[in-house]
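Visitor: pasted the sequence and its predicted model underneath.
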Amino acid sequence: MSDDGFLHLSAASPPTESVSDYWKVIVVDDDKFIHQVTQLVLKNLVIEGKGIRLFNAYTAEQAKQIFNQYKDIALAFIDVVMETDEAGLDLIKWIREQNNNHSTRIILRTGQASHIPEEYIIKTFDINDYKDKTELTANKLTATTYTAIRSYRDIVRIETHLTKLIQLVQSASAFYSTKSVEAFANQSLSQLVELLNIDAGALQVIKFSPSVISSTQKYSLLGQVGEFAEVDHLTQTPPDIYALLNLAFNQQRSLTHNQYRLFFNAVSEHTHSILLLKRPAKLNQFQISCLNIYANSIAINFEHSSFQSQIESAQAELIYALSNSIEAKADHTSYHGQKVALISKKIAELIGSNAKFCSAIGYAAPLHDIGKVIIPEHILNKPGTLSEAEWTIIRAHSETGAKLLSQSNHPITQTASKIALYHHENWDGSGYPKGLKTQSIPLEARIVSLADVLSVLAEKTCYRDAWTLDEIKTYIKAESGRKFEPRLVQVVIEHFADFKAILTLEP
């Protein structure tokens with residue numbers, strides 16, 4: 001095959017399902033037969049409504065050209081030995097470091113024994129699986145492709161949500177007056193709806209009854225998404241929506257009517273809020289909870305006319321939603337992220353940290369395990385003993401999380417990046433990924449390490465019951481000076497009643 005021909009898309013038969021979009025998959029191998037077999041197996045595959053579009057590269061240099069041209073390659077099958085004995089490994093290093101691509105899932109394939117040990121390759125190179133070509137039967141190749149593409153999908157989703165979260169945080173400086181409250185609410189509601197994967201028009205309305213806040217009855221719009229984006233006043237809504245809003249406000253309750261879902265919140269005696277969704281798909285409890293929390297938080301802040309507090313509350317809810325979407329993969333409750341945040345902030349306050357540090361760690365702590373998006377659920381929730389290879393995959397989540405968060409220079413996300421990277425370090429240096437010890441471990445990571453363990457031990461999982469509070473106290477005392485900083489353990493023990501209240505919170 002000529003050098004000019006490798007960039008063409010494989011002329012595969014169309015999938016059996018009708019698709020309008022494709023996952024990009026590249027095969028990097030000097031064996032033409034491998035390309036043909038991979039195309040034969042994957043050409044009709046449809047994953048979540050999208051087909052497979054194959055790219056063929058026969059050398060590492062050809063693959064680099066493709067990666068430079070396309071930034072959304074979901075999966076790469078890479079041979080180890082091509083033009084050199086380590087061409088595939090050198091390519092992987094280039095993809096991750098020089099091409100700065102940490103999203104593409106990489107399956108390393110080899111048809112002959114490598115002089116480099118498999119364990120070393122898995123530990124050293126950022127790959128997602130290492131397979132002998134003889135292992136990849138048609139069924140296994142299909143299963144591997146499904147798993148890898150779903151992992152890529154989750155990473156892209158998290159990166160998109162993180163970008164929106166960063167934009168929300170960075171936009172705070174633009175909102176110093178109450179004149180900007182509506183603009184901020186519009187932006188945050190739009191991002192929340194997208195974050196929760198809710199495909200629906202959304203409208204939030206606040207009703208002020210006569211009080212110190214408003215001398216007359218008044219309605220304010222605090223968020224208009226989708227088809228409601230051009231609505232500037234309640235009277236501009238269609239008659240059926242206007243009637244439903246008034247009915248919900250008068251009856252002071254949530255309503256479901258035909259294509260509409262209305263969430264009512266009594267913010268105070270004189271201030272009520274309704275979040276209306278048009279044509280939402282069936283909502284799960286997590287989505288409903290997030291919507292209610294969000295709507296209530298925005299309304300409270302609007303009532304108080306404190307825009308700074310509005311920003312902090314909305315940011316917190318979005319961070320919790322992002323945290324919970326990650327924790328949903330693991331066997332944690334949907335409240336784990338909030339508990340870690342509350343515990344971390346409380347510890348920081350008790351050791352005398354300044355208000356800015358306490359606030360920052362409260363926002364950053366829920367993102368400590370954002371890197372878990374790379375871990376397959378069967379490993380994350382495995383009830384039995386993990387193999388060494390599985391432990392290697394588990395441990396990789398710290399560095400992956402740090403990489404995702406380090407894309408922003410904002411102080412809160414930088415704090416979250418340090419927490420993600422170092423919260424599994426131990427006080428005596430026996431932790432990972434860097435083996436740091438004592439004061440060389442950032443304070444925020446030392447705090448979240450203890451907070452995370454407190455929350456996890458108090459939860460029931462698929463492989464053990466929740467620990468009693470006495471058992472938890474005994475454990476952290478025993479780990480003082482080994483896993484945890486003694487000063488932090490002492491503070492928790494002395495104020496354990498405060499932490500008990502957090503640990504026993506219900507979602």
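Guide: Sure, I can see it.
Visitor: got the domain boundaries for this structure?
Guide: Following automatic domain parsing, one gets these domains for the chain: 3-159, 175-306, 329-503.
Visitor: go through those and pick out the most buried.
Guide: domain 329-503 (a mean of 19; mean count of other CB atoms under 10 Å). All C-beta atoms are positioned from the backbone trio N, CA, C, and that covers glycine.
Visitor: about what we covered before: nearest to residue 319, of the domains of the chain?
Guide: Proximity to residue 319 (CB to CB) singles out domain 329-503 among the domains of the chain, at 5.3 Å.
Visitor: how far out from the middle of the chain is that closest one?
Guide: 16 Å (CA atoms, centre = their mean, to the nearest Å).
Visitor: measure the nearest residue to residue 435 once chain neighbours are set aside to residue 282 for me?
Guide: Closest residue to residue 435 apart from its sequence neighbours, by CB to CB, 6 or more residues apart in numbering: residue 429 at 5.4 Å. Separation of residue 429 from residue 282 (CB to CB, to the nearest Å) stands at 50 Å.
Visitor: which residues does residue 47 contact?
Guide: 23, 145, 146, 149, 150 (CB atoms under 8 Å, 6 or more residues apart in numbering).
Visitor: before we move on, what about residue 278?
Guide: Going by CB under 8 Å, 6+ apart, residue 278 touches 200, 201, 202, 203, 226, 227, 228, 241, 259, 260.
Visitor: what about the residue lying closest to residue 24 once chain neighbours are set aside, distance to residue 405?
Guide: The spatially closest residue to residue 24, leaving aside those adjacent along the chain, is residue 73, at 4.6 Å (CB to CB, 6+ apart). Distance, residue 73 to residue 405, by CB to CB: 23 Å.
Visitor: check residue 141 too.
Guide: Relative to residue 405, residue 141 is positioned 33 Å away (CB to CB).
Visitor: just residue 187 next, same as before
Guide: Using CB to CB, one gets 21 Å for the distance from residue 187 to residue 405.
Visitor: next: residue 364.
Guide: Separation of residue 364 from residue 405 (CB to CB): 9 Å.
Visitor: what sits in contact with each of these two?
Guide: 413, 416.
Visitor: am I right that residue 142 is in a strand?
Guide: No - checked against DSSP: H, G, I helix; E, B strand; the rest coil, residue 142 lies outside a strand; its state is helix.
Visitor: residues contacting it?
Guide: Taking CB under 8 Å, 6+ apart, we find residue 142 in contact with 41, 42, 45.
Visitor: and of the residues you listed, the nearest to residue 101?
Guide: Of all the contacts of residue 142, residue 42 has the smallest distance to residue 101: 20.9 Å, by CB to CB.
Visitor: wait, isn't the closest one in contact with residue 23?
Guide: No - checked against CB atoms under 8 Å, the pair residue 42 and residue 23 is beyond contact range at 9.6 Å.
Visitor: which residues are in contact with each of the two?
Guide: By CB under 8 Å, 6+ apart, the residues touching both residue 42 and residue 23 are residue 52.
Visitor: helices or strands up against the helix or strand hosting residue 501?
Guide: Per DSSP states H and E, residue 501 falls inside helix 496-503. For helix 496-503, the packing partners by 3 or more CB pairs under 8 Å, 6 or more residues apart in numbering; DSSP states H and E come out as helix 336-350, helix 443-457, helix 469-478.
Visitor: helix 443-457 and the first one, what's the angle between them?
Guide: What it means is helix 336-350. Here helix 336-350 runs at an angle of 130 degrees relative to helix 443-457 (axes from the mean of the first three to the mean of the last three CA atoms, to 10 degrees).
Visitor: got a list of contacts for helix 336-350?
Guide: 316, 319-320, 323-324, 326-327, 357-359, 361-363, 365-368, 444, 447-448, 450-452, 454-456, 458-459, 488, 491-492, 495, 498-499, 502-503, 505.
Visitor: rerun at 7 Å
Guide: Contacts to helix 336-350, defined as CB atoms under 7 Å, 6 or more residues apart in numbering, come from residues 320, 323-324, 327, 357-358, 361-362, 365-366, 368, 447-448, 450-452, 454-455, 459, 488, 491-492, 495, 498-499, 502-503, 505.
Visitor: give me the angle between that helix and helix 496-503.
Guide: Going by the same axes, to 10 degrees, helix 336-350 makes 160 degrees with helix 496-503.
Visitor: you'd agree the residue nearest to residue 24 is up against residue 104?
Guide: Yes - with contact defined as CB atoms under 7 Å, residue 73 and residue 104 form a contacting pair (4.9 Å).
Visitor: for residue 21, give me its contacts.
Guide: residue 50.
Visitor: is it possible to get CSV of the domains of the chain that adds mean pLDDT?
Guide: What follows is these, written out as CSV (pLDDT from 0 to 100):
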stretch, mean pLDDT
domain 3-159, 84
domain 175-306, 80
domain 329-503, 89
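Visitor: and the strands in the chain?
Guide: With DSSP state E, the ranges of strands along the chain come out as 22-28, 51-57, 73-79, 105-110, 129-132, 201-208, 218-225, 255-257, 260-266, 271-278.
Visitor: save those strands as CSV, and put in distance to residue 420 too.
Guide: Output for the strands of the chain, formatted as CSV (distance: least, CB to CB, whole Å):
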stretch, distance to residue 420
strand 22-28, 27
strand 51-57, 32
strand 73-79, 24
strand 105-110, 20
strand 129-132, 23
strand 201-208, 31
strand 218-225, 30
strand 255-257, 39
strand 260-266, 33
strand 271-278, 32
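Visitor: which among these is found nearest to residue 237?
Guide: Residue 237 lies closest, by CB to CB, to one member of the strands of the chain: strand 201-208, at 7.4 Å.
Visitor: could you list the paired strands of the closest one along with their orientation?
Guide: Using DSSP bridges, strand 201-208 pairs in its sheet with strand 218-225 (antiparallel), strand 271-278 (antiparallel).
Visitor: with just CA atoms, put the last one into CSV.
Guide: Which is strand 271-278. The C-alpha trace of strand 271-278 is given here as CSV (Å, rounded to 0.1, in the frame of the first residue of the first chain):
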residue,chain,number,x,y,z
THR,A,271,-41.0,33.6,48.2
HIS,A,272,-41.9,30.6,46.1
SER,A,273,-40.2,29.1,43.1
ILE,A,274,-41.2,26.8,40.2
LEU,A,275,-38.9,25.1,37.7
LEU,A,276,-40.9,24.0,34.7
LEU,A,277,-39.6,21.4,32.2
LYS,A,278,-41.4,20.8,28.8
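Visitor: next, the angle strand 260-266 makes with that strand.
Guide: Interaxial angle of strand 271-278 relative to strand 260-266 (the same axes, to 10 degrees): 170 degrees.
Visitor: and the first one, by the same measure?
Guide: In terms of direction (the same axes, to 10 degrees), strand 218-225 departs from strand 260-266 by 130 degrees.
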